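**Student:** Show me how the following folds:
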Amino acid sequence: RGSLFNMAEGSANQYQPGKRPFHTIIPGFATKLDGDGVERPWMSFGVMGGNIQPQGHAQILSNIIDFAMNPQEAGDAARYTHSGSSQPTGEVMDDGGIVQLEGGICASVRAELRARGHHLARGANAGGYQSITYDSEHDSYIGASEMRKDGMAAGY
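**Tutor:** Below you'll find the model as predicted:
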């Protein structure tokens, strides 16, 4: 956990007391407006796996909000990850990096990404997601645990 610091004097991510590493567990929590316009707790979730964490969180929310997937479908959907970005250690991306796509990304999407100049690679399954979502319409909770990891959602 103590990695990705920069030892260069004056760097924003210079190793020193009180600094936190880039890679840390970053669970997500989302709220939703109720019928009266009041913000209410809606979903606690997390996608583990280093750089996939913020990318995975955005993909989960997009799958649910933009593509109307349920929490389980959102986690099981194929993912993509960008690697080779500039890093907190001072490394600077100079080639656009690589977009790693899981096997479930269709050929037409791969072709379009290549046509737009992206460097692609077939990536291994990325991250590990679990969530608890509150369904206000039915006053119940929905658990999800994706297929990439050994886990399960259980309730009683």
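**Student:** moving C-terminal of the longest helix along the chain, what's the next helix or strand?
**Tutor:** What stands out as the longest helix in the chain, according to DSSP state H, is helix 52-65. Per DSSP states H and E, the first helix or strand lying C-terminal to helix 52-65 is helix 71-76.
**Student:** Which other helices and strands does that following helix contact?
**Tutor:** On a contact count with 3 or more CB pairs under 8 Å, 6 or more residues apart in numbering; DSSP states H and E, helix 71-76 meets helix 52-65, strand 128-135, strand 140-145. Bear in mind the C-beta positions are built from the backbone N, C-alpha and C, glycine included.
**Student:** Paired strands for the longest strand seen in the chain, with orientation please.
**Tutor:** When every strand of the chain is counted residue by residue (DSSP state E), the longest turns out to be strand 39-48. On the basis of DSSP bridges, the sheet neighbours of strand 39-48 come out as strand 28-33 (antiparallel), strand 128-135 (antiparallel).
**Student:** got the buried residues for the first one?
**Tutor:** Translated: strand 28-33. Using 16 or more other CB atoms under 10 Å as the test for burial, strand 28-33 gives G28, A30.
**Student:** Sounds good, over and out.
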